[in-house]
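*Asks:* Quick one, what's the 3D model for this:
(chains A, B and C)
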Amino acid sequence: MPELPEVETTRLGISPSLSGHSIAGVVIRERRLRWPIPEHIEERLTGAVVSSVERRAKYLLFRTARGTAMAHLGMSGSMRIVASETDPTPHDHYDIVMDSGTALRFNDPRRFGCLLWTDDNPAIHPLLARLGPEPLGADFNGEYLYSTAKNRRVTIKQYLMNSNIVAGVGNIYASESLFRSGIHPLRAAGRISQKRMNDLAQQVRAVLTEAIRLGGTTLRDFYGGDGKPGYFKAELMVYDRAGMPCRLCGEPIRQAVIGQRSTYYCVGCQR
DNA sequence: AGTGCGGCCTGTCCGC
DNA sequence: TGCGGACAGGCCGCAC
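*Replies:* Modelled structure (predicted):
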């Protein structure tokens, strides 16, 4: 489910209820997520003050003076703020209960998400250490894409989704940014000009920024921390539009599997 | 080192 | 109506 804009929407929605507040306790109903929730996380978090809620790639970082909790939403995870006494529903795997009486509640049917703890700087955690630049950060641009893609034979679609190259571009926004820059998703990454890479980097930024502004993309079941769906679905040019006419040229949108992921593109607009 | 794929899970939808 | 199979917004960890 959640890509970078959905994670950012979640962060913006939950941060006011956490930042600057003290954690009263942690309720864990299911430890078996992608990795087991560490046994010691309750004692680390209880009594700690959340100094900030940050995001790196698609990880949410709950920073405290003692260390940092690292959460990922996986494919089907979502977070919301509830009154702490609210009855849990199926797949509500953990709550971080604040002393204000509200709680951050994590729901994840597929359990691909995670909740981990690190005493150290999260930037050196094995899951984060090798991530590429943030796509909305200053280090991500056409020159970076062009120079790192030299001699790479993987398709540009897979390249964009490689988090060691750029962190947080998922399946929806990879298809969308390639459409916007007119690049065919099967093109080899190393065979794209600097000029086209400049455009691609700009379109990645643009599509992510617009999606964040609209609260992300709700295809089925994504709701932000405020309970509202994302409205970017209406802006999608190719994703989930197989067989429908291209919104620019009318050509039917094609769907193909690239690197085991569904990919959508227009043969009229993308070369 | 770069690339390709299996696997982790549940829910939903589609064809028979 | 039931059942099997494919598929879903992520991504690690392994084999080659």
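*Asks:* who touches the one residue in the stretch 1-150 of chain A that gets nearest to DNA strand B in this structure?
*Replies:* At 3.2 Å from DNA strand B, A:R110 is the closest residue in the stretch 1-150 of chain A, using C-beta to the nearest atom of the strand. Placement of C-beta: from N, CA and C, glycine included. A:R110 makes contact with A:G74, A:M75, A:S76, A:G77, according to C-beta atoms under 8 Å, 6 or more residues apart in numbering.
*Asks:* what about it, which SS state?
*Replies:* Counting by DSSP: H, G, I helix; E, B strand; the rest coil, the backbone at A:R110 sits in coil.
*Asks:* Look up how far A:P2 lies from it.
*Replies:* Computed as C-beta to C-beta, to the nearest Å, the A:R110 to A:P2 distance reads 12 Å.
*Asks:* List the residues that are in contact with both of those two.
*Replies:* By C-beta under 8 Å, 6+ apart, the residues touching both A:R110 and A:P2 are A:G77.
*Asks:* Drop anything exposed from the contacts of A:R110.
*Replies:* A:G74, A:S76, A:G77 (16 or more other C-beta atoms under 10 Å).
*Asks:* Dump these to JSON lines, plus distance to DNA strand C, secondary structure and pLDDT.
*Replies:* Compiled in JSON lines, the buried ones among the contacts of A:R110 are given as follows (distance: C-beta to the nearest atom of the strand, whole Å; DSSP: H, G, I helix; E, B strand; the rest coil; pLDDT from 0 to 100):
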{"residue": "A:G74", "distance to DNA strand C": "5", "secondary structure": "coil", "pLDDT": "96"}
{"residue": "A:S76", "distance to DNA strand C": "7", "secondary structure": "coil", "pLDDT": "95"}
{"residue": "A:G77", "distance to DNA strand C": "9", "secondary structure": "coil", "pLDDT": "96"}
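*Asks:* now the helices: where do they sit in chain A?
*Replies:* Per DSSP state H, chain A carries helices over the ranges A:4-18, A:41-45, A:126-129, A:142-149, A:156-160, A:171-181, A:194-213.
*Asks:* need the ones you listed in TSV with mean neighbour count and mean pLDDT, can you?
*Replies:* Conversion of these to TSV gives the following (neighbours: other C-beta atoms under 10 Å; pLDDT from 0 to 100):
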stretch	mean neighbour count	mean pLDDT
helix A:4-18	23	96
helix A:41-45	17	98
helix A:126-129	13	96
helix A:142-149	17	97
helix A:156-160	25	97
helix A:171-181	25	97
helix A:194-213	18	97
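*Asks:* mind putting those in CSV, distance to A:C269 included?
*Replies:* Output for the helices of chain A, formatted as CSV (distance: least, C-beta to C-beta, whole Å):
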stretch, distance to A:C269
helix A:4-18, 23
helix A:41-45, 48
helix A:126-129, 36
helix A:142-149, 20
helix A:156-160, 15
helix A:171-181, 7
helix A:194-213, 12
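*Asks:* Quick one, which of those helices gets closest to A:F62.
*Replies:* Nearest to A:F62, of all those, is helix A:4-18, at 6.7 Å by C-beta to C-beta.
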